[in-house]
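can't give you the sequence, but here's the structure:
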């Protein structure tokens, strides 16, 4: 069984009718992100990036291929983005799932902290992008959800 590490973050934004479109545009065009939108529902997006391969004999689901040292954008990551609308605020939850290949049994604490920094950096950029798109002077805070 392959190990999966997760990091979850939240942002609260003012109601915005094009929020899911903005989220998809951000991750699909994020420099160095290389995200591919695999699933889109009314308030849910799923992205995949990194090095994946077909399972046994090239059949079945995709499985993580490898961790390219120093190249986080090539690591096998699934990103789930969920928007929970309400009249006063929209809650955006971003959940990063790092899927380890069989050759990597676990991550040391320093590498886990590094992944957290990469995720937070992306989400800080997202917060600035959301503020620009929504037309507000303050960017939403990125809150750890773990």
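Nice, thanks for sending it over. All of these numbers come straight from a predicted model, not from anything done at the bench.

which other residues reach the worst-scoring helix or strand of the chain on mean pLDDT?
Lowest mean confidence among the helices and strands of the chain (mean pLDDT, DSSP states H and E): strand 62-64, at a mean of 80. Applying C-beta atoms under 8 Å, 6 or more residues apart in numbering, the contact partners of strand 62-64 are 2, 48, 50, 51, 52, 53, 54, 55, 76, 99, 100, 101. Using the backbone N, CA and C atoms, a C-beta is placed for each residue, glycine as well.

So which of the residues you listed belong to strands?
Judged by DSSP state E, the contacts of strand 62-64 include 48, 52, 53, 54, 99 as members of strands.

pLDDT below threshold where in this protein?
Along the chain, segments meeting pLDDT under 70 span 1, 56-60.

Any idea which residue is closest to the centre of it?
Centroid-nearest residue in the chain: residue 79, 3.4 Å away (criterion: C-alpha atoms, centre = their mean).

Need phi/psi at that residue.
Main-chain dihedrals, residue 79, degrees, to the nearest 10: phi -120, psi 120.

Tally up the residues packed near the closest residue to it other than its chain neighbours, please.
Closest residue to residue 79 apart from its sequence neighbours, by C-beta to C-beta, 6 or more residues apart in numbering: residue 47 at 4.3 Å. The burial count assigned to residue 47 is 24, neighbours taken as other C-beta atoms under 10 Å.
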